[in-house]
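Trainee: Structure of the sequence below:
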Amino acid sequence: MQKPSHSITRRVLLASATTLLAGSALAQAAWPSKPITLIVPFPPGGPTDVVSRIVGKELSDRLGQPIIVENKAGASGAIAANQVKRAAPDGYTLMTLATPTLFAPLFYKNTGYEISKDFTPIAMVYDLPIVMVVNAEKLPGITTLPQLIETARAKKGALNYTTSGAGSFGHMSMELLKDLGKFDMQHVAYKGGVPAITDTIGGQVPIMYADLVAALPHIKSGKLVAVAVGSPERVAAIPEIKTIAEQGIEGFSAVSLGAFLGPKGMPPAVVERLNKEVKEILAQKSVQDRILGAGAIARFMPAAQLQQSLAADYAKWSKVVREKGMAAE
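Mentor: Residues are numbered from 1 along each chain as shown. I've put the predicted structure just below:
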């Protein structure tokens, strides 16, 4: 029997490879062909959950497939992150990353993941403004950051402040601010933003670094006085309040964020499609208004820039954690 020639063998191999590539391209082109799960690492009702549902509904309409929002709370988002990490990187399991989940490995041992190594960045979705507030009765007359810093220096470290918890983004931000502003205050950690802000209103602790969504009603009512926002630009909800950078701490920026990620190794074509759709969704004024109503600010960032931003944030705040001795539990 005559053996096939080398040229015939090459043609057969080439045809097989072409068929495989075409099949792969077809599979990607067909995405999505079934429902997509968007995992939220926090309970229902908070800004991360509400924004995920707003953007998820818009995304569902554009992709022609249901977006199923699944809340998987616990361990600052580590439980959700590990579920997504183990999922198939086919574009059918995504996660809304919030700042606490990015920094959880700094505070908890054996979280089981690293954002930079185990996930595919897709797009930034929102900023969550953080505001420094004081109790109007306990610290009368203090309306600016320089006044607060002057008071803290006069009290020589006896002044207390609170946040939603030890290792929270507010905690890290205030510790950085204390170094840059050369003043001292003692941190009183609460387990959650609600009890912390309740006691700030009650005067048990006179100062809080709080999520704007939680503090805004009390700022409007006059129970709390906003003295500064941590973001690099002023916030539309309280445009009269200056940033920390505007009040003498040049270059200061502390921004909590939300972004869409997927498991490591997602097809580039799927990431590009998601990136395009999210960008167009966030450009809509109606969507921006609904996100603002949830206490966040719509802010798009493409995948490559998001990856760089997450890496820079992790490096910046890791340094703060190390220098302040905020050891992992």
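Trainee: what are the ranges of the helices in the stretch 151-300 of the chain?
Mentor: Listed from the start of the chain, the stretch 151-300 of the chain has helices (DSSP state H, counting those that start in this stretch) covering 169-181, 193-202, 212-221, 268-282, 285-293.
Trainee: could you dump these to JSON lines with mean pLDDT and mean neighbour count?
Mentor: In this view, the C-beta of every residue, glycine as well, is placed from N, C-alpha and C. Compiled in JSON lines, those are given as follows (pLDDT from 0 to 100; neighbours: other C-beta atoms under 10 Å):
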{"stretch": "helix 169-181", "mean pLDDT": "92", "mean neighbour count": "21"}
{"stretch": "helix 193-202", "mean pLDDT": "92", "mean neighbour count": "18"}
{"stretch": "helix 212-221", "mean pLDDT": "90", "mean neighbour count": "19"}
{"stretch": "helix 268-282", "mean pLDDT": "98", "mean neighbour count": "17"}
{"stretch": "helix 285-293", "mean pLDDT": "93", "mean neighbour count": "15"}
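Trainee: so which of those helices comes closest to residue 307?
Mentor: helix 268-282 (11.0 Å; C-beta to C-beta).
Trainee: just checking, next helix/strand downstream of the strand ranked longest in the chain?
Mentor: Using DSSP state E to define each element, the chain has its longest strand at strand 119-128. Later in the chain than strand 119-128, the nearest helix or strand by DSSP states H and E is strand 130-135.
Trainee: now what about that next one, what contacts it?
Mentor: With contact meaning C-beta atoms under 8 Å, 6 or more residues apart in numbering, strand 130-135 is reached by 142, 145, 148, 169-170, 173-174, 200-201, 203, 205-212, 215, 218-219, 223-231, 235, 238, 241, 244, 254-256.
Trainee: filter those residues to the buried ones?
Mentor: Buried residues within these, counting neighbours by 16 or more other C-beta atoms under 10 Å: 142, 145, 148, 169-170, 173-174, 200-201, 205-212, 215, 218-219, 223-231, 235, 238, 241, 244, 254-256.
Trainee: how close does residue 173 sit to residue 325?
Mentor: 17 Å (C-beta to C-beta, to the nearest Å).
Trainee: Likewise for residue 73?
Mentor: 28 Å.
Trainee: who's in contact with the nearest residue to residue 213 once chain neighbours are set aside?
Mentor: Nearest non-adjacent residue to residue 213, counting by C-beta to C-beta, 6 or more residues apart in numbering: residue 295, 2.4 Å away. Residues in contact with residue 295 (C-beta under 8 Å, 6+ apart) are 47, 128, 211, 212, 213, 214, 216.
Trainee: State the pLDDT value of residue 295.
Mentor: According to the prediction, residue 295 has pLDDT 77.
Trainee: before we move on, what about residue 24?
Mentor: 43.
Trainee: Then residue 76?
Mentor: For residue 76, pLDDT reads 84.
Trainee: Residue 7 too?
Mentor: 53.
Trainee: can the contacts of residue 295 go into TSV with extra columns for distance to residue 88?
Mentor: As requested, these are arranged in TSV below (distance: C-beta to C-beta, whole Å):
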residue	distance to residue 88
47	29
128	30
211	34
212	37
213	34
214	37
216	40
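Trainee: So which of those is the closest to residue 121?
Mentor: Closest to residue 121, out of all of the contacts of residue 295 and judged by C-beta to C-beta, is residue 128, at 18.0 Å.
Trainee: thinking that closest one is in contact with residue 211, fair?
Mentor: Yes: here residue 128 lies in contact with residue 211, judged by C-beta atoms under 8 Å, at a distance of 6.2 Å.
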